[in-house]
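Any chance you could fold what I've pasted below:
(one chain, ligands or ions: 1)
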Amino acid sequence: MERILIGDSEILIGHGRPEPLLPWRESRRMAVVITQPGAAAIARDLARQIPDSEIVTLPDRDEAKTVSVAEGVYHQLADIGFGRHDTVVGVGGGAVTDLAGFVAATWVRGVESVLVPTTLLGAVDAAIGGKTGLNLAGKNLVGAFHLPTRVVIDHDVLAALPDQLRLEGTAEALKAGLIGDPELVDLFAKDGRRLSLEVMVTRAVAVKVGIVKADLREDGRRAILNFGHTIGHAIEVGGGLPHGLAVAVGMVAAGSVSAARYGFPDRWLSELISSLGLPVAVAGVSPEIVLALIARDKKRTAAGVRMVLLREVGDPVIDVVNEREIEVGLSAVGIRD
Ligand SMILES: NC(=O)c1ccc[n+]([C@@H]2O[C@H](COP(=O)([O-])OP(=O)(O)OC[C@H]3O[C@@H](n4cnc5c(N)ncnc54)[C@H](O)[C@@H]3O)[C@@H](O)[C@H]2O)c1
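Numbering: from 1, shown residues only. This is a model prediction of the structure:
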């Protein structure tokens, strides 16, 4: 398998999985395998490879990313005597890897984690880079930076994904191209929905790893990974869209703000996103709720609402935007007239 390093944290990409799955450093350690309904069969299969392991199945999607679900997991760890030298294994999409990563970051002040992303979105984004998070009055307000010891991306698992999950992950793979790999964007434009998953995964992971390595704790440049997320997160929470689809719409909104500031070709971007089968607008989402969610973010940054804009493909910039510009973004995706 291809091996990529972020410090001591390794990402293995290939067909199948390493044997043994866990990078044990001691002869006897326990693992808790945290998963979700859609990945439970894969988790059971993996758990068979780990001699002393227990499986914990979370509620689906972001229902899992709550303080009370985390508390339930902590109690299970306490019951089985899970200790400092044991390993948290997260098998699932981004909701699982965010929760499992957070539990690993906080249990007895931090234990090792191994993440096995089973969605495209998890593989190209959520499982990479050590950001963990729970939702509380907004997305990811509780969280920690905690790099997993190992991430295992199995192309065969991703090849079996249903179309809907492939689509959701395509949005974050395209985002990676837009902020850091113009050639990947060209491939999306040329091959559309036929673009090979392996190409998407390899290139998008390379973009993310490059950005994370240069700014592990998001003191600055790492924030460019939030392209499409300022308005996207508000649409996800306010409109109940899955993360990847909300990000697709958020990228259209950010594209139109980029057009107004920098002359970015927003119509081209919207057509590209649409050609991949992703949404470029939303209906029935209240502008008041979306604006309130964005305003809540604003309170947390001294300067105002920060948005990642594109001067051109591969040239992102983190800007403070004004209310008028946010309105432009919302109009572009049908939230404002
Ligand atoms: N930490 C980060 O850097 C980061 C980055 C991007 C997104 N995220 C987070 O990731 C989450 C979204 O991740 P996601 O889109 O992977 O969603 P998810 O974890 O909610 O999973 C989506 C669905 O896929 C199902 N599923 C998982 N694996 C499957 C498989 N192999 N086959 C069939 N079904 C399967 C799940 O049961 C669920 O219904 C959001 O909470 C988002 O905030 C985190």
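
quick one, helices of the chain?
40-47, 67-80, 94-106, 120-121, 155-159, 163-180, 182-191, 197-214, 229-239, 243-262, 266-275, 287-300, 323-332 (DSSP state H).

Just the pLDDT at the residue of the stretch 151-300 of the chain at minimum distance from the ligand, thanks.
As assessed by C-beta to the nearest ligand atom, the ligand sits closest to H243 within the stretch 151-300 of the chain, at 4.0 Å. C-beta here means a position set from N, CA and C on the backbone, and glycine is covered the same way. H243 is assigned a pLDDT of 95 by the prediction.

How about the contacts made by the nearest residue to it once chain neighbours are set aside?
Spatially, and ignoring its direct neighbours in sequence, H243 is nearest to E236 (5.6 Å; C-beta to C-beta, 6 or more residues apart in numbering). Applying C-beta atoms under 8 Å, 6 or more residues apart in numbering to E236 gives the contacts 139, 242-243, 246-247.

what does A281 give?
Counted by C-beta under 8 Å, 6+ apart, A281 has contacts 249, 252, 332-334.

Could you show which parts of the stretch 51-200 of the chain are in contact with the ligand?
By C-beta under 6 Å from any ligand atom, the residues of the stretch 51-200 of the chain that approach the ligand are 60-62, 65, 92-96, 98, 118-119, 121-122, 125-126, 129, 131, 133, 139-140, 157, 161-162, 165, 168.

Please export the C-alpha coordinates of the worst-scoring helix or strand of the chain on mean pLDDT as CSV.
Across the helices and strands of the chain, the lowest-confidence element by mean pLDDT, DSSP states H and E is helix 287-300, at a mean of 82. Extracted C-alpha coordinates of helix 287-300, given in CSV (Å, rounded to 0.1, in the frame of the first residue of the first chain):
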residue,chain,number,x,y,z
PRO,A,287,-32.5,32.8,4.7
GLU,A,288,-33.0,34.1,8.3
ILE,A,289,-31.8,30.8,9.8
VAL,A,290,-28.8,30.6,7.4
LEU,A,291,-27.8,34.1,8.2
ALA,A,292,-28.2,33.5,12.0
LEU,A,293,-26.0,30.5,11.7
ILE,A,294,-23.4,32.4,9.8
ALA,A,295,-23.6,35.3,12.3
ARG,A,296,-22.9,32.9,15.1
ASP,A,297,-19.7,31.9,13.4
LYS,A,298,-18.9,35.6,13.0
LYS,A,299,-19.0,36.1,16.8
ARG,A,300,-16.2,33.6,17.1
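
right, is that helix up against the ligand?
No. Helix 287-300 does not reach the ligand (C-beta under 6 Å from any ligand atom); its nearest approach is 14.0 Å.

who does that helix touch, helix- and strand-wise?
Where contact means 3 or more C-beta pairs under 8 Å, 6 or more residues apart in numbering; DSSP states H and E, helix 287-300 is packed against helix 229-239, strand 305-312, helix 323-332.

okay, these, which one's buried deepest?
Across these, averaging neighbours per residue (mean count of other C-beta atoms under 10 Å) puts helix 229-239 on top, at a mean of 24.

can you tell me if it touches the ligand.
No. Using C-beta under 6 Å from any ligand atom, helix 229-239 never reaches the ligand; the gap is at least 7.7 Å.

the inter-axis angle of that helix versus strand 305-312?
120 degrees (axes from the mean of the first three to the mean of the last three C-alpha atoms, to 10 degrees).

coming back round to it: relative to L293, which of the contacts of E236 is nearest.
Set against L293, the nearest of these by C-beta to C-beta is K139 (8.9 Å).

so who does the closest one touch?
K139 neighbours (C-beta under 8 Å, 6+ apart): 133, 233, 236-237.

run the last query once more with 10 Å
Going by C-beta atoms under 10 Å, 6 or more residues apart in numbering, K139 touches 62, 65, 98, 133, 229, 232-234, 236-237, 243, 246, 293, 297.

Please look at the residue of the stretch 151-300 of the chain closest to the ligand and K175 and confirm they touch.
No. Here H243 does not reach K175: they are 11.4 Å apart, not a contact under C-beta atoms under 10 Å.

Look at these two and report which has more neighbours.
Ranked by neighbour count (other C-beta atoms under 10 Å), H243 and K175 place K175 first, with 30 against 27.
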